[in-house]
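K.L.:
just coords:
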């Protein structure tokens, strides 16, 4: 039955992937789907990448990280630096004649007269893309090395990742680090020479996001079915047994932590040009907690479930914040409690249970029963001779 479920999941994932990558953009190009809608769904798919990164850690390895929003934001900041440099002569201060060096507008506002040296390589788009993965991955490698070597796990690991995120939040708020301060990066004009305000550009970004999501899903699905994935789940269920079996659990956790950080960073990099802004607010505590909720609602430990959860919860948020803006956090909290109590396997787990109930072949309880023949009575031996008096 597990093999049949895998085939079902593969078929469903293929259909959804074709619709997201091909069908939805075609509907947009034909005018059946509005440009605003495809832009919003592009944001949902970016959140899907963030949800997968949480699932790889929490759902498969048992590591509840509350710092994935940090890596998501770092990926956005790395690409945002290139987008800010590409504004060039379209900046407001240049048009007023106060920015002859073509600095980002926020630097001119803060009184800078030259571009910091660490900004200059970001004129190159390939370099910026490389930094999208390299910087979050390096941070995860350093942090994870010390955390896992110190046997930090459970709630202590969650607290540490949240503390790291908050430290980065405070750091990015400072104007002296020339990363936009409280306002961050915004007012992007173009990417690779294409106008970001054109519907065709936004459609292309959506297609790129959908393609990356499909690729990350396929990679994660493959990884979790290998021997590495088996060790992952063993660490989640009983790390002590894994250690006694001779496996270096810290190395496995460090590897998946770096992979998950890179996945989250890719989502952040694709998020920025579609939403048009990145600031320290993306590192707020509620962002990481929401990603955990997406994973739980969709079904952790399934890869496809967190994607469903991210889309479902954010779609619900869009409706609730419009119709009942004062009650959204209450709705989110109640939904999380109900999912934990009554649907521990999430939406995807519920779908599988319904599928099994409807299509799993019913077994006849008497089919394999073999009738046991009755035992013949044991003959009583005849008494020989005359009984003694």
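P.N.:
Alright, I've got the coordinates. Here the structure is a predicted model, which is why all the values come from computation and not from measurement.

K.L.:
For residue 201, which residues are in contact?
P.N.:
If you count contacts by C-beta atoms under 8 Å, 6 or more residues apart in numbering, residue 201 has them with 191, 194-195. All C-beta spots, glycine's among them, are computed from the backbone N, C-alpha and C.

K.L.:
Those, buried ones only, as a PyMOL selection?
P.N.:
Of the contacts of residue 201, the buried ones can be selected in PyMOL as follows, counting by 16 or more other C-beta atoms under 10 Å:
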select buried, resi 191
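
K.L.:
The contacts of residue 201 into a markdown table, with extra columns for secondary structure?
P.N.:
Output for these, formatted as a markdown table (DSSP: H, G, I helix; E, B strand; the rest coil):
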| residue | secondary structure |
| --- | --- |
| 191 | strand |
| 194 | strand |
| 195 | strand |
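
K.L.:
Could you let me know which of the contacts of residue 201 ends up closest to residue 265?
P.N.:
residue 191 (17.1 Å; C-beta to C-beta).

K.L.:
give me the element the residue nearest to the closest one when sequence neighbours are not counted is part of.
P.N.:
Nearest residue to residue 191 in three dimensions, chain neighbours excluded: residue 273, at 5.2 Å (C-beta to C-beta, 6 or more residues apart in numbering). Element membership for residue 273 (DSSP states H and E) is helix 249-275.

K.L.:
The one helix or strand residue 42 maps to to helix 249-275, inter-axis angle?
P.N.:
According to DSSP H and E, residue 42 maps onto helix 35-54. Angle, helix 35-54 to helix 249-275, by axes from the mean of the first three to the mean of the last three C-alpha atoms, to 10 degrees: 170 degrees.

K.L.:
who are the neighbours of the helix or strand just after helix 35-54, in terms of helices and strands?
P.N.:
Next along the chain after helix 35-54, taking DSSP H and E as the criterion, comes helix 60-61. Helix 60-61 sits against helix 227-244, helix 249-275, with contacts defined as 3 or more C-beta pairs under 8 Å, 6 or more residues apart in numbering; DSSP states H and E.

K.L.:
Identify the residue spatially nearest to residue 289, adjacent ones excluded.
P.N.:
Using C-beta to C-beta, 6+ apart and skipping the chain neighbours, the partner closest in space to residue 289 is residue 66 (6.9 Å).

K.L.:
ditto for residue 283
P.N.:
Per C-beta to C-beta, 6+ apart, closest to residue 283 is residue 169, 4.2 Å.

K.L.:
Tally up the residues packed near that neighbour, please.
P.N.:
Counted by other C-beta atoms under 10 Å, the residues lying close to residue 169 total 18.

K.L.:
can you give me how far the one helix or strand it maps to is from the chain middle?
P.N.:
According to DSSP H and E, residue 169 maps onto helix 155-173. Helix 155-173 sits 18 Å away from the centroid of its parent chain (C-alpha atoms, centre = their mean, to the nearest Å).

K.L.:
who touches it?
P.N.:
For helix 155-173, contacts defined as C-beta under 8 Å, 6+ apart pick out 63-67, 69-70, 73-74, 77, 143, 147, 152, 177, 179-182, 184, 280, 283-285, 288.

K.L.:
hmm, 7 Å instead?
P.N.:
Contact with helix 155-173 is made by 63-67, 69-70, 143, 147, 152, 177, 179, 181-182, 280, 283, 285, 288, as judged by C-beta atoms under 7 Å, 6 or more residues apart in numbering.

K.L.:
That's all I had, so thanks and see you.
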